[in-house]
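> I'd like to go over a predicted model; first the sequence, then the structure.
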Amino acid sequence: MKKFAYIGCLGFIAVITTEFGVIGILPQIAEHYKISIDKAGYLLSAFALIIALTGPFMTLITSGFDRRKVMLTAISIFLITGIVSSFSPPFWLLMLVRILPAFLQPVYIATALSVAVSKADKKNENQMMSIVFSGVAIAMVTTVPFATWLSSLYSWESSFIVQTIVSLTALLIIYFLLPSIPVKEKKSYGSQLKILVQPTFIISTAMNFFMITAWFSTYSYFADYLNKAKGMDMTTISYMLFLFGIIGVFANWIAGKMLSKSVTKTTAFFLSGTILIPVLLYLSEGNFAANIVVIGIWGFLYSPSFLNASTYMISSVPQSMEFANSLATSFGNLGVTLGTTLGGFMIISKGVEYNPWISLVFGALAFLMIVLRKIVEKRQETLQLCKE
């Protein structure tokens with residue numbers, strides 16, 4: 001039933017607006033609190049680190065609760081975060097209210113995906129998942145650039161007001177349109193934890209981690225990069241975020257179709273951007289028209305990254321979708337943390353214009369994991385045939 005997928009998508013928009021809405025306003029936050037840009041980046045990296053450390057455990061703990069109640073609780077915390085942040089509290093309090101919803105972000109995503117595929121045929125599961133994950137791209141084309149644009153007109157607090165409105169809307173839609181969905185049969189912790197020792201799952205997890213690290217080493221500082229390396233002002237940057245996102249919506253739809261045919265080939269295709277984009281950004285230099293084209297390609301290849309990462313990991317253990325997805329979210333956000341941290345270090349030591357080269361290195365490592373998984377799978381198939 002697509003209705004459940006679209007409801008999950010709306011909540012995802014609220015989640016992504018909260019997590020990544022700060023990307024476009026990091027320079028303003030740094031200026032307001034009189035801190036360096038890398039310290040302002042903690043608002044993103046700390047959020048991601050909490051997800052990475054607690055995501056799987058929180059998903060296991062909440063796996064037996066009514067899924068509607070879980071989704072409502074998670075979005076309520078995101079709503080509170082937006083309200084408090086919009087009052088420009090002291091930086092320590094801003095950090096605290098940023099961290100709180102991070103505990104429930106992977107829980108919301110895993111639950112929303114589970115709800116979305118609960119009424120779908122097996123052949124349509126990837127398509128339902130792509131609808132939910134399209135919330136990432138939709139947020140990038142609507143709420144995130146709109147929040148950045150508003151902050152360029154008024155103040156950075158405007159960005160958090162947008163987050164508050166989106167979270168409230170999602171909360172009301174879930175409350176009125178999503179029925180109670182109790183868990184009929186809760187899986188034992190042991191049956192879910194056993195996937196942690198499966199070689200293909202471990203390799204898939206590493207691929208996810210390297211791929212997200214690659215993308216976020218530059219994307220976390222999108223506004224700062226376009227400003228200092230490409231000479232764009234904040235208003236132009238908000239337009240670039242809009243372009244980035246609108247192409248991303250289309251990319252997620254394409255990725256959903258492609259994943260139904262081949263998970264590995266689709267993942268490898270979009271992963272190619274981690275190597276291609278650094279080269280294109282270098283070649284485009286200060287040419288405004290060329291940079292617009294590169295940003296469009298960047299948005300297309302980057303936007304389905306979380307969808308591809310989750311699907312790639314789940315494909316190795318389809319019997320444990322929720323827990324596998326929570327681990328995909330967890331390690332993906334660990335990648336966000338490492339990418340943001342390495343990007344911040346690069347800005348301090350060399351300059352933001354060098355950040356894309358971090359992407360190339362980790363993108364190559366991600367490709368290596370795809371090749372390694374193929375080798376392991378073929379070896380397992382050979383052993384299985386020998387036993388038979």
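Yes, it's here.

> separation between the closest residue to Thr200 other than its chain neighbours and Ile212?
With C-beta to C-beta, 6 or more residues apart in numbering as the criterion, Thr200 has its nearest non-adjacent residue at 4.2 Å, and that residue is Ser316. Every residue, glycine included, has its C-beta placed from N, CA and C. Distance from Ser316 to Ile212, counting by C-beta to C-beta, to the nearest Å: 17 Å.

> Check Lys228 too.
From Lys228 to Ile212 the distance is 24 Å (C-beta to C-beta).

> Looking at the two, which has the bigger crowd around it?
Per other C-beta atoms under 10 Å, whichever of Lys228 and Ile212 has more neighbours is Ile212, with 28 against 16.

> Nearest residue to the more buried one in space, ignoring adjacent ones along the chain?
Gly335 is the one closest to Ile212 (C-beta to C-beta, 6+ apart), at 3.0 Å.

> Let me know the average pLDDT across the helix or strand where the one you found lies.
Per DSSP states H and E, Gly335 falls inside helix 321-349. Per-residue pLDDT over helix 321-349 has a mean of 86.

> Please apply the same query to stretch 278-289.
Regarding stretch 278-289, the rounded mean pLDDT is 92.

> Can you list the buried residues in that stretch?
By 16 or more other C-beta atoms under 10 Å, the buried positions in stretch 278-289 come out as Pro278, Leu280, Leu281, Ser284.

> Also stretch 97-111?
97-99, 101-111.

> For Glu376, what is the enclosing helix or strand?
One thing to correct before we go on: residue 376 is Val, not Glu. Using DSSP H and E, Val376 sits within helix 356-387.

> same thing with Phe300?
Phe300 belongs to helix 288-302, assigned by DSSP H and E.

> Run through who's touching that helix.
Where contact means C-beta atoms under 8 Å, 6 or more residues apart in numbering, the residues beyond helix 288-302 that reach it are 140, 215, 219, 226, 230, 240, 243-248, 250-251, 270, 272-273, 276-277, 280-281, 283-284.

> Show me which residues of the helix holding Gly335 are buried.
Counting neighbours by 16+ other C-beta under 10 Å, one finds that the buried residues in helix 321-349 are 321-344, 346-347.

> Could you tell me the angle between that helix and helix 356-387?
150 degrees (axes from the mean of the first three to the mean of the last three C-alpha atoms, to 10 degrees).

> for the stretch 51-200 of the chain, what spans make up the helices?
67-85, 91-99, 105-117, 125-141, 143-153, 157-177, 189-193, 199-219 (DSSP state H, counting those that start in this stretch).

> Can you tell me which of those has the worst average pLDDT?
helix 189-193 (a mean of 65).

> quick one: pLDDT of Lys184?
72.

> and the residue nearest the centre of the chain, what element?
The residue lying closest to the centre of the chain (C-alpha atoms, centre = their mean) is Phe306, at 5.1 Å. Using DSSP H and E, Phe306 falls within helix 305-314.

> what about that helix, average pLDDT?
88.

> mind saving the C-alpha coords of it as PDB?
Taking C-alpha atoms only, helix 305-314 is exported to PDB below (Å, rounded to 0.1, in the frame of the first residue of the first chain):
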ATOM      1  CA  SER A 305      23.200   7.100  -1.500                       C
ATOM      2  CA  PHE A 306      21.300   6.200   1.700                       C
ATOM      3  CA  LEU A 307      18.700   4.200  -0.300                       C
ATOM      4  CA  ASN A 308      21.500   2.300  -2.100                       C
ATOM      5  CA  ALA A 309      23.500   1.700   1.100                       C
ATOM      6  CA  SER A 310      20.500   0.300   3.000                       C
ATOM      7  CA  THR A 311      19.300  -1.800   0.100                       C
ATOM      8  CA  TYR A 312      22.800  -3.100  -0.500                       C
ATOM      9  CA  MET A 313      23.100  -4.100   3.100                       C
ATOM     10  CA  ILE A 314      19.600  -5.600   3.400                       C
END
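
> Perfect, that will be all.
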